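>>> model this:
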Amino acid sequence: MPLFTLAGAQLAYGDLPLLDRAALAMEAGERIGLIGRNGSGKSSLLGVIAGSVALDDGELQKREALSVARVEQEPQLPHAPTLRASLHLRGHVPAIQDERARWRTEARITEYLHRFGLDENLSPEAASGGERKRAALALAFALEPDLLLLDEPTNHLDIDGIERLEVLLARCTAIVVTHDRAFLDRVATRIVELDRGMLRSYAGNFSDYERLKAGELAAESLAARRFDKFWAQEEAWIRRGIEARRTRDAGRVKRLERLRAERAARRERIGTVKLAIGAGQRSGKLVAELAGVCKSFAGRPIVKNLDLRIGRGDRIGLIGPNGAGKTTLIKLILGTLAPDAGTLRLGTNVRPAYFDQMREALDPEQTVAETISPGSDWVELPGGRKHVMSYLGDFLFPPRRAAAPVRMLSGGERNRLLLARLFARPANVLVLDEPTNDLDIESLELLEAALQDYDGTLLLVSHDRTFLDNVVTQTLAAEGGGAWKEYAGGYSDWLRQRPLRAPAEVPAEKPAPARERSRVKLSYREARELEALPAEIEALEAEQRSLAAKMHDAGYFRQPGDALRADQGRNAEIEALLMQKLERWEALEAKAKAAAS
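Numbers count the residues shown, from 1 in each chain. The predicted structure is shown next:
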C-alpha cells in the first residue's frame, strides 16, 4: 500500500496554479528528489503532504498512522536554554507516562546532534542558520518517521556534512527538495519535477532524469511548433475574406475556436536567466601573492605559513569544513584583512566584485530596481546600456516585482538579485562565496556557463561538488591546523589527489634513506592482491550496474519492503567496497612504482 496518494490536487497563490490537477503516489523505501524552478511550489507541496497546507481541490490519502517529519528551508527552534531542550519541544517528545519511549527518543536526539557536529548545550538564540538547520535535521532523524520531508537540506552544510547526510538517508524513505546534483545522483531513486503545476516522475537519479528530460523537451517543442503552424493556417483561412466566409463550414469555425482556447491555456515554460559577466579592464598578470601568511583568532590558527600566487585568469575553488576559514582566506587574498605575519602583494588594476553568502550587501528597504541601478533607469553593461526593467527581466524579475522592497523577496530571488547587481559592475576578479544556495538547477547551469566564459580571475567558495567540477581549474583545500594546500582541478580531482590519512593512533613513519627506499618492493601476497584487484573491482561495478538497472525498473517498488531494503543495503555495501578496493589499488600501485624506480 502506498504511503500516500495525491490525486487531482489543485493549489493556487496568485494568478497561476502551483498544483494543477497534480497526482503523485509514494511507496516505502523510495527516495524522491523533488525539483523545479524557484517559486514553482515545491515547498508548498511538502506542506500539503505534511498536512500544514490545505489543497484548494483534490484529495490526499495517507496510510493509517503514517508518521512524517519535515525540515523547512529556514527551520525555527522553540525558545529554550539549550538546543537539546529546544528540539525536545519542537519534536513533541513522548509525555512522561511513556518513560521508555521518551528515554529512547532523547538518547537518539543526543546521538544525532553529535553526528551533525553540534553542542547540545548551545543556546538556540546563539545558533547560526546552519546550526539551526543541522539541529532540525538531527531531530528529524532521531524521531525515526515513516517519511522524511527535507527542504534544501544541503544548504549551510559543508561537504563532510553533506556526505554524512547521504549515508543517513540511504536507510530512509524521503522526499528531498535540493539543487545539489551530486547529492541527487547519490541519494535519489526517483526524480519528480514540478513544472507549470504538473508533477512528472522519472525513474532513477538526476543523471537518468537529465537524459530522459532532454528527449521529452525535444518532443514537446516539436509538438508545440506543429500546433502553432496548424493554428496559424486556420487563422489565415478564416481571414481570407468573403470567398472563404461563403465556403467555410460551422465545424471548422468551432475547431478554430477550440484551438484558440487551447493556445491561450497553454502555459509556456518559464524563461531562463540570461547571464553575461563583464571582466572590464584586465588586471596585471599578478593578481595576488602571499608569502608565509599567518592568521589566527583567539589562539586558533586559521591560515598558517601560506605561500600562494594567483595569476590573471586563475579559477580557484576553496573547500573545507564549516569554520575552516575559507571566507577569512578570501579577505586576506583581497587585502581587506591584515595577516598576523607574512606578506601580501596585490597586483596592478585589480578590481574585485564580491558575492556575499550572507547577502549583507543588500539593503532590505531598497526596491529591486534601486538595488540594481540607484538613481537611474539604465544599467551600463559590457555590451552597452540597458533599461533596468529589461535587465531585471533577464534575471526573471517581472516589472511588477521591480518596485517591491528587497525584504519581500525569497531566498532564491535574493540570490538572483545579488547576481544581477554583481554582473552589472565590470570586475576582473570575481569572488563568489556560496553563490549556489537557493538557486534552482536551471539557474545553476546557466551560472556555470557564464563563469566558464568569464575571462577574469575567479575565487569560489562552494560545497556544491558538481558546480566546483564544472567551474574551477584549481582547488585550495583546508588540511587542518591552519594548513592549506593547492591541487590541480576541481573537487573530483582533489578527491583523487588528496593523501590518504593514516589512523590517528599510528605514528607517522620517518622517511627511509634513499638506499632503503630503493629496496622497498611488493611482497608475494601484495603482488597477487594487486593482480586480482582489477577483476574484483570490475565484478563489483558490474553488480552495481545490474542492481541499478533493477532498481530503476518501473515495477520495482511493488516488491516487499524487506527486498527493497536488502537491495539498498547491498548498494551501499558495494559503494563502500569499491572505495576500499580503489584506495588499496592506488596504494599498491604506488608501492610497485616506487620499487621500480
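>>> Residue 419 against residue 395, yeah?
Yes: counting by Cβ atoms under 8 Å, residue 419 touches residue 395, with 7.0 Å between them. Heads up, the C-betas are built off the backbone N, CA and C, glycines and all.
>>> what about the strands in the stretch 101-250 of the chain?
147-151, 174-177, 190-195, 198-203 (DSSP state E, counting those that start in this stretch).
>>> Switch these over to JSON lines; also include mean neighbour count, distance to residue 85 and mean pLDDT.
As requested, those are exported to JSON lines (neighbours: other Cβ atoms under 10 Å; distance: least, Cβ to Cβ, whole Å; pLDDT from 0 to 100):
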{"stretch": "strand 147-151", "mean neighbour count": "23", "distance to residue 85": "23", "mean pLDDT": "96"}
{"stretch": "strand 174-177", "mean neighbour count": "24", "distance to residue 85": "27", "mean pLDDT": "97"}
{"stretch": "strand 190-195", "mean neighbour count": "21", "distance to residue 85": "36", "mean pLDDT": "94"}
{"stretch": "strand 198-203", "mean neighbour count": "17", "distance to residue 85": "39", "mean pLDDT": "92"}
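>>> Redo those strands as CSV? Include distance to residue 473.
Shown next, in CSV, are the strands of the stretch 101-250 of the chain (distance: least, Cβ to Cβ, whole Å):
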stretch, distance to residue 473
strand 147-151, 33
strand 174-177, 31
strand 190-195, 30
strand 198-203, 32
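>>> Quick one: closest of those to residue 365.
Taking Cβ to Cβ, strand 147-151 is the member of the strands of the stretch 101-250 of the chain nearest to residue 365, at 27.5 Å.
>>> for that closest one, packing partners?
Counting contacts by 3 or more Cβ pairs under 8 Å, 6 or more residues apart in numbering; DSSP states H and E, strand 147-151 is packed against helix 42-50, strand 68-71, helix 129-142, strand 174-177.
>>> do that again at 6 Å, thanks
In terms of contacts (3 or more Cβ pairs under 6 Å, 6 or more residues apart in numbering; DSSP states H and E), strand 147-151 is packed against helix 42-50, strand 68-71, strand 174-177.
>>> Let me know which of the ones you listed is the nearest to residue 355.
That would be, of the helices and strands packed on strand 147-151 and by Cβ to Cβ, strand 174-177, which comes in at 22.9 Å.
>>> Distance from stretch 424-439 to the middle of the chain?
Averaged C-alpha coordinates place stretch 424-439 at 16 Å from its chain's average position (Cα atoms, centre = their mean, to the nearest Å).
>>> How about stretch 472-491?
Using Cα atoms, centre = their mean, the offset of stretch 472-491 from its chain centre is 21 Å.
>>> That stretch: end-to-end distance?
With Cα to Cα, to the nearest Å as the measure, stretch 472-491 spans 9 Å from end to end.
>>> Check which residues of that stretch are buried.
By 16 or more other Cβ atoms under 10 Å, the buried positions in stretch 472-491 come out as 472, 474-478, 482, 484, 487, 489-491.
>>> Leaving out chain neighbours, which residue sits closest to residue 407?
If the residues on either side of it in the chain are set aside, residue 407 comes closest to residue 364, at 3.8 Å by Cβ to Cβ, 6 or more residues apart in numbering.
>>> for residue 33, same thing?
Leaving aside its chain neighbours, residue 33 sits nearest to residue 188 (3.7 Å; criterion: Cβ to Cβ, 6+ apart).
>>> just checking, that neighbour touches residue 204?
No: contact between residue 188 and residue 204 fails when scored by Cβ atoms under 6 Å: they sit 7.7 Å apart.
>>> Specify which residue of the two has the higher count of neighbours.
Between residue 188 and residue 204, counting by other Cβ atoms under 10 Å, residue 188 is the more crowded of the two (27 against 21).
>>> what's that one in contact with, if anything?
For residue 188, the contact set (Cβ atoms under 6 Å, 6 or more residues apart in numbering) comprises 31, 33, 205.
>>> quick one: which of these is nearest to residue 69?
For the contacts of residue 188, the nearest to residue 69 is residue 31 (14.5 Å; Cβ to Cβ).
>>> from what I can see the closest one touches residue 175, true?
No: between residue 31 and residue 175 there is no contact under Cβ under 6 Å: 8.0 Å.
>>> just to revisit the earlier point, in a markdown table, list the helices and strands packed on strand 147-151 along with distance to residue 146.
Converted to a markdown table, the helices and strands packed on strand 147-151 look like this (distance: least, Cβ to Cβ, whole Å):
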| stretch | distance to residue 146 |
| --- | --- |
| helix 42-50 | 12 |
| strand 68-71 | 7 |
| strand 174-177 | 10 |
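>>> among those, which is the most enclosed?
The highest mean neighbour count among these, using mean count of other Cβ atoms under 10 Å, belongs to strand 174-177: a mean of 24.
>>> Run through who's touching that strand.
So strand 174-177 is contacted by 31-34, 42, 148-152 (Cβ under 6 Å, 6+ apart).
>>> name the element residue 475 belongs to?
strand 474-480 (DSSP states H and E).
>>> nearest to residue 594, of the buried residues of stretch 472-491?
Checking these against residue 594 by Cβ to Cβ gives residue 487 as the nearest, at 21.3 Å.
>>> helix, strand or coil for that closest one?
Classification of residue 487 by DSSP: H, G, I helix; E, B strand; the rest coil places it in strand.
>>> so it makes contact with residue 497?
Yes: the pair residue 487 / residue 497 is scored as a contact, 5.0 Å apart, by Cβ under 6 Å.
>>> Buried residues, stretch 107-123. List them.
108-109, 112-113, 115-118, 120, 122.
>>> for stretch 331-345, same thing?
332-334, 339, 342, 344.
>>> What is the linear distance spanned by that stretch between its boundary residues?
Terminal-residue distance, stretch 331-345 (Cα to Cα): 13 Å.
>>> any idea how far it is from the chain center?
With Cα atoms, centre = their mean, you get 31 Å for stretch 331-345.
>>> Same check on stretch 540-558?
With Cα atoms, centre = their mean, you get 25 Å for stretch 540-558.
>>> Pull the residues that contact it.
Under Cβ under 6 Å, 6+ apart, the answer for stretch 540-558 is 27, 203-204, 571, 574, 577-578.
>>> Let me know the closest of the residues you listed to residue 59.
Within those, proximity to residue 59 (Cβ to Cβ) peaks at residue 27, which comes in at 18.3 Å.
>>> Give me the pLDDT for the closest one.
You'll see residue 27 listed with a pLDDT of 94.
>>> Check residue 11 too.
94.
>>> follow-up on the earlier one: A strand includes the residue nearest to residue 407, no?
No: checked against three-state DSSP, residue 364 lies outside a strand; its state is coil.
>>> List phi and psi for it.
Here is the backbone geometry of residue 364 (degrees, to the nearest 10): phi -60, psi -20.
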